[in-house]
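Q: Kindly return the folded structure for what I paste below:
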Amino acid sequence: MSTWSDKAAGQGWGCGGRRRLRRGYTTGTCAAVAAAGAAWMLLSGQECREAEARLPGGVKVRLPLEEACRRGDWVSCGVKKDAGDDPDVTDGLLICARVSRRDDGAFCLSGGEGVGKVTRPGLKLSVGEDAINPVPRQMILEAAKQSCRALGYEGGLDIAVYVPGGQEAAAKTFNGALGIVGGISILGTTGIVEPMSERALVESIRVEIQFYRENTGRWLLAVPGNYGEAFVEEQGLAEGIRPVKCSNYVGEMLDAASELGMEGVLLVAHAGKLVKRAAGMLHTHSSYGDARMEILCAHAVRAGASAGLARRILDCVSSDAALGLLQEAGLLDRTMASVTETAGRHLRRRAGDGMAAEAVVYSQPYGILGKTSGAERLLEKIRGQACGRG
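A: Just a heads-up that it's a prediction; the model follows:
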């Protein structure tokens, strides 16, 4: 079993002698390690300075523990959030876990001080739940159970995750707009924070495109991030082709692809990202604006939505929730066809005349929701590269 190291974290040197950006740890990873350490100290009666947890990909990460505290029947400790080179408002916060025994064998996880609570529908969590997302929830519980197995303990545990200063940090995020109140969310799909330093990230995208051009071909497959990459793999859209991740920098990605002589770019993106492109937003980070519901609402009205449905879409907190309303109204296909073709026009305008630019839009509940008019032809070009035909 491999273990996390600085090299695995992305330190060192990459293509062309450029320094790679340093990755960090998600709040979910920090909470899992804290829970493992607190459980170990509670059950063993001993102190420990570090603990480990397994990331979703199978790699183990071992991190130092801070501010261990033992009071009566519980133990708590924390892990300092290290966001690497990512400008994350949670960087430096102490992500803590308080653990106590249960006699019924159950493992119960809750959020405490500084962890938000969900107050509106449309997210991955139900209204009233603590804002601990499904993947980190599983990581935290499994890390605590691993400590139990190692010490031969067969009972259960109560685990409370808390974040001193979390409520203040949450005020600098979009949690309030999503209906998450009282603190930050415990997040992470891979357990690792990918760096988002803007200038360096745009340059790293350019380097990736250059590498793709030299090793794969001139027909580029691009995705915003991990979700898009996983969707491409799950759907078998282009077997043997590893897409380039462009994060929120779609415009910069198209510019770099054109300058490097690519002949076409196919962007595969979640509806929540692609809908912004239908308004010409080619930088899609939420700090630059979030008009997803307004854009979806406009295209839904164009597709025949009533005023009442338009109001309900505007009240949604996630694109998937809005898509659900459109599905119920029988307007999903027409709305997404409008969104997709409009987004395609903006992509092609940025790409210019010398390079094709197409898009595929999807969501997890509904799969592929739309393709621009030339997307399938471009996808065939990309697939041909893997077979040596491109």
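
Q: Could I get the buried residue list for the helix or strand containing Glu234?
A: Taking DSSP states H and E as the definition, Glu234 sits inside helix 226-235. Using 16 or more other CB atoms under 10 Å as the test for burial, helix 226-235 gives Tyr227, Gly228, Glu229, Phe231, Val232. Just so you know, the C-beta spots here come from the backbone N, C-alpha and C atoms, and that holds for glycine as well.

Q: same question, stretch 129-141
A: Across stretch 129-141, burial judged by 16+ other CB under 10 Å covers Glu129, Asp130, Ala131, Ile132, Asn133, Val135, Pro136, Arg137, Met139, Ile140, Leu141.

Q: chain center to it: distance?
A: 14 Å (CA atoms, centre = their mean, to the nearest Å).

Q: what's the weakest-modelled helix or strand in the chain?
A: strand 192-193 (a mean of 78; mean pLDDT, DSSP states H and E).

Q: In terms of secondary structure, what does that strand contact?
A: If you count contacts as 3 or more CB pairs under 8 Å, 6 or more residues apart in numbering; DSSP states H and E, strand 192-193 packs onto strand 24-25.

Q: who touches Pro134 in this structure?
A: Listed by CB atoms under 8 Å, 6 or more residues apart in numbering, the contact set of Pro134 reads Lys124, Leu125.

Q: What's the mean pLDDT across the helix holding Glu234?
A: In this model, helix 226-235 has an average pLDDT of 90.

Q: for stretch 354-363, same thing?
A: Mean predicted confidence for stretch 354-363 is 95.

Q: Buried residues of it, list them for me.
A: So for stretch 354-363, counting by 16+ other CB under 10 Å, buried means Met355, Ala356, Ala357, Glu358, Ala359, Val360, Val361, Tyr362, Ser363.

Q: Identify the residue spatially nearest to the third one, adjacent ones excluded.
A: Nearest in space to Ala357, with sequence neighbours left out and distances taken as CB to CB, 6 or more residues apart in numbering, is Ala351 at 3.7 Å.

Q: how far away is the one you found from Gln46?
A: 61 Å (CB to CB, to the nearest Å).

Q: And these two? Which one has more around it.
A: Shown here are Ala351 and Gln46; by other CB atoms under 10 Å, Ala351 has more neighbours (21 against 8).

Q: residues in contact with the more buried one?
A: Contacts for Ala351 (CB under 8 Å, 6+ apart) come out as Leu254, Ala257, Ser258, Val265, Ala357.

Q: Out of these, the closest to Ile205 would be?
A: In terms of CB to CB, no member of the contacts of Ala351 lies closer to Ile205 than Ala257, at 9.3 Å.

Q: from memory the closest one sits against Leu267, does it?
A: No - if you go by CB atoms under 8 Å, Ala257 and Leu267 don't touch, sitting 10.4 Å apart.

Q: Now do the shared contacts for those two.
A: Ala222.

Q: Give the other helices and strands that the helix or strand that the helix holding Glu234 is followed by contacts.
A: Downstream of helix 226-235, the next assigned helix or strand under DSSP H and E is strand 244-245. With contacts taken as 3+ CB pairs under 8 Å, 6+ apart, strand 244-245 sits against helix 198-215, strand 219-223, helix 226-235.

Q: rewinding a little: just the contacts of Ala351: which are in helices?
A: Leu254, Ala257, Ser258 (DSSP state H).

Q: where does the stretch 201-350 of the chain dip in pLDDT?
A: Across the stretch 201-350 of the chain, the ranges flagged by pLDDT under 70 are 281-289.

Q: Repeat the analysis, applying 90 as the threshold.
A: 201-208, 210-211, 213-215, 225-227, 238-240, 242, 247-249, 272-292, 317-319 (pLDDT under 90).

Q: what does the stretch 1-150 of the chain give?
A: Using pLDDT under 90, the flagged stretches of the stretch 1-150 of the chain are 1-24, 57, 83-89, 120-125.

Q: Tell me where it has helices.
A: 27-44, 134-151 (DSSP state H, counting those that start in this stretch).

Q: Just want the angle from the first one to helix 134-151.
A: I take that to be helix 27-44. 20 degrees (axes from the mean of the first three to the mean of the last three CA atoms, to 10 degrees).

Q: which helices and strands sit right next to helix 27-44?
A: strand 50-54, strand 60-64, strand 66-71, strand 74-80, strand 94-102, helix 134-151, strand 156-162.
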